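A.B. asks: How does the following fold in three dimensions:
(chains A and B)
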Amino acid sequence: MEKIALPKGTRDFGPEQMAKRQFIIDSIKKVFQKYGFQPLETPAMENLSTLTGKYGEEGDQLLFKILNSGDFLKDASQPNLEARNSKLLTPDISEKGLRYDLTVPFARYVVMNRHEIVFPFRRYQIQPVWRADRPQKGRYREFYQCDADVVGTDSLVCEAEIILMIKDSFKSLGINDYTIKINHRDILSGLAEMIGATGNESSLFVAIDKLDKIGEEKVKEELKARGFNESSLPVLFETLNFQGNIQQKVEWLSKKMTSSEKGKKGLNDLTTVFSLLQTFGSTDEHVELDLALARGLSYYTGCIFEVKINHVAIGSVSGGGRYDNLTAVFDAKEKSSGVGFSFGIDRLYDALEELNAFPKNTTTSTTVLITHLDEGSFPFALKIGQAFREKEICCEIYPDRLKIKKQMEYADRKKIPFVVVVGPEEVQSGLLTVKNMETGNQSKLSLDEVVAMILDFNSKIFKHK
RNA sequence: GCGGGCAUAGCUCAGUUGGUUAGAGCAUCAGAUUGUGAUUCUGAGGGUCGUGGGUUCGAGCCCCAUUGCUCGCCCCA
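C.D. replies: Below is the predicted model of the structure:
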């Protein structure tokens, strides 16, 4: 047999999977819209110059590059070709790449359309992104992101709203046990100042970000390996390990960070966000100030978010933060502040599956199958089918004349709840034989009676959701 | 880019110290039932044991290589 397979790290989504994915996407989309976000789509491919240099050196390596069309070697430089230097040759033979995330294309869109856009601009975007890294559990080469960003304001109301949106989304997804971790870039800087690691920030952050994953001892080891003075570690871990609610943590940190202007600013921001959250009528339930949280270090400048579902062996399902300089990457004059976050649909899917938390009726299937017994009944079957559709009942007519058994089997396998049998008797009497596939009950009813019965059935199913 | 594990029917897997014709469950198809699914019974089809080489009288099993998948590391949703 010829080997037929998908590229590594990519997947098909069959009808049942699509139903579940749509459930996730619809739930999140509704929340985004409720908070005034508008949809945006951008092309799968961007100019490579738009993408490169935005994700750090590692990120550039993970970009999928698209080979130029036609004679792509035509413009390749002879020395690079002869040296077989892939890195130098790439710009000669590839000028487009697949998008790596949705934030950079969004920034590109904002800069290109700044004169038309009404600021502050709220957009959401649900599209696949591609990364050429090694697939593993919960990690794919093609996956969907579900972003919502506000650009053109530095109001901390947006941060508070992000927390509200995350809570709303999880509520409609039926997930109750989760943690929204929040931190602030400036608090991290304050922390670095506290232990005298100002010149060595990113090295420090990358290490402490692993705290909950690899544990205190390993982080200490890594810090030592990265050249941190052992004497600074007790202060660091005393801070990281401080237990308490958000207010207690903020108060405690305020006393410790008196000398750090940045640290104070970060703490002020967080305090404001939480007081806004309360003004909104919400609480800090599910929210945790995690001083070890350090993500998106190359572009986040303010609050940082990350969401984990508890007791599920899957990494973070959502993350985000504020970035002051994102648009400046495309135009130095353009310095609009933005804040946004993103859900990873694929991971949410895996998590919901693991929690067995999908609602029962996510699959949208046909409600009625019309079967027919002979050629003479077929036109009648077609008419009946169309009558159901006019009443907004999802209906299909079995297209081939097969044994009734086969047609029944089809309904059973597709989990169609009702089957109408049309034969000579029905054509003559005008009454329909309708079978409830779940109970096995069968009765002869007029078309109107069948329609009423099915509409009643549908309304009950709907309530179940 | 680095390391570990696995590869036998469409799927999930058995397969004894290396020994005749490689098995099971599920799935598929047909029949029992020519106007009734799921349940039951009967039967059938389906395999280059990932690929290439080696050891051996003999390899699904042992050795080497290779490819694919998979789980970790770096990084990340």
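A.B. asks: wait, residue A:98 sits on residue A:63?
C.D. replies: Yes: contact between residue A:98 and residue A:63 holds when scored by CB atoms under 8 Å: they sit 7.3 Å apart. All C-beta atoms are positioned from the backbone trio N, CA, C, and that covers glycine.
A.B. asks: What are the neighbouring residues in contact with residue A:273?
C.D. replies: Contacts for residue A:273 (CB atoms under 8 Å, 6 or more residues apart in numbering) come out as A:156, A:159, A:160, A:163, A:182, A:303.
A.B. asks: can you tell me if the helix or strand hosting residue A:24 touches RNA strand B.
C.D. replies: Using DSSP states H and E, residue A:24 sits in helix A:15-34. No: if you take CB under 7 Å from any atom of the strand as the test, helix A:15-34 misses RNA strand B, and the best it gets is 13.1 Å.
A.B. asks: Tell me which other helices or strands the helix or strand just after that helix touches.
C.D. replies: Sequence order places strand A:38-39 as the next helix or strand after helix A:15-34, per DSSP H and E. If you count contacts as 3 or more CB pairs under 8 Å, 6 or more residues apart in numbering; DSSP states H and E, strand A:38-39 packs onto strand A:121-130.
A.B. asks: And the next helix or strand after the strand it packs on, what does it pack against?
C.D. replies: Later in the chain than strand A:121-130, the nearest helix or strand by DSSP H and E is strand A:142-151. Packed against strand A:142-151 by the contact rule (3+ CB pairs under 8 Å, 6+ apart) you find helix A:15-34, helix A:103-112, strand A:121-130, helix A:157-173, strand A:338-344, helix A:345-355.
A.B. asks: how about the residues of the stretch 51-200 of chain A near RNA strand B?
C.D. replies: Residues of the stretch 51-200 of chain A lying near RNA strand B by CB under 7 Å from any atom of the strand: A:56, A:58-59, A:101, A:131, A:133-141, A:143, A:145.
A.B. asks: I meant the stretch 351-465 of chain A, not that one.
C.D. replies: Going by CB under 7 Å from any atom of the strand, the residues of the stretch 351-465 of chain A near RNA strand B are A:373, A:403-405, A:408-409, A:411-413, A:419, A:421, A:423-426, A:433, A:435, A:437-438, A:440, A:442.
A.B. asks: Of these, keep whichever come out buried.
C.D. replies: Buried subset of those (neighbour count, 16 or more other CB atoms under 10 Å): A:373, A:408, A:411, A:419, A:421, A:423, A:426, A:433, A:435, A:437.
A.B. asks: that older thread, which two in the contacts of residue A:273 are spaced the farthest apart?
C.D. replies: A:156 and A:182 (11.9 Å; CB to CB).
A.B. asks: where do the contact lists of the two overlap?
C.D. replies: A:273, A:303.
A.B. asks: Who has more neighbours out of the two?
C.D. replies: residue A:182 (25 against 22; other CB atoms under 10 Å).
A.B. asks: Rounded mean pLDDT for whichever strand or helix holds the more buried one, please.
C.D. replies: Assessed by DSSP H and E, residue A:182 sits inside strand A:178-184. The average pLDDT within strand A:178-184 is 93.
A.B. asks: Show me what that strand is packed up against.
C.D. replies: Under the contact rule (3+ CB pairs under 8 Å, 6+ apart), strand A:178-184 is packed against helix A:157-173, helix A:261-279, strand A:287-289, strand A:303-309.
A.B. asks: Determine which of the ones you listed approaches residue A:255 most closely.
C.D. replies: helix A:261-279 (10.5 Å).
A.B. asks: Show the contacting residues for residue A:298.
C.D. replies: The contact partners of residue A:298, by CB under 8 Å, 6+ apart, come to A:55, A:56.
A.B. asks: I'd like the distance between it and RNA strand B.
C.D. replies: Distance of residue A:298 to RNA strand B, given as CB to the nearest atom of the strand, to the nearest Å: 7 Å.
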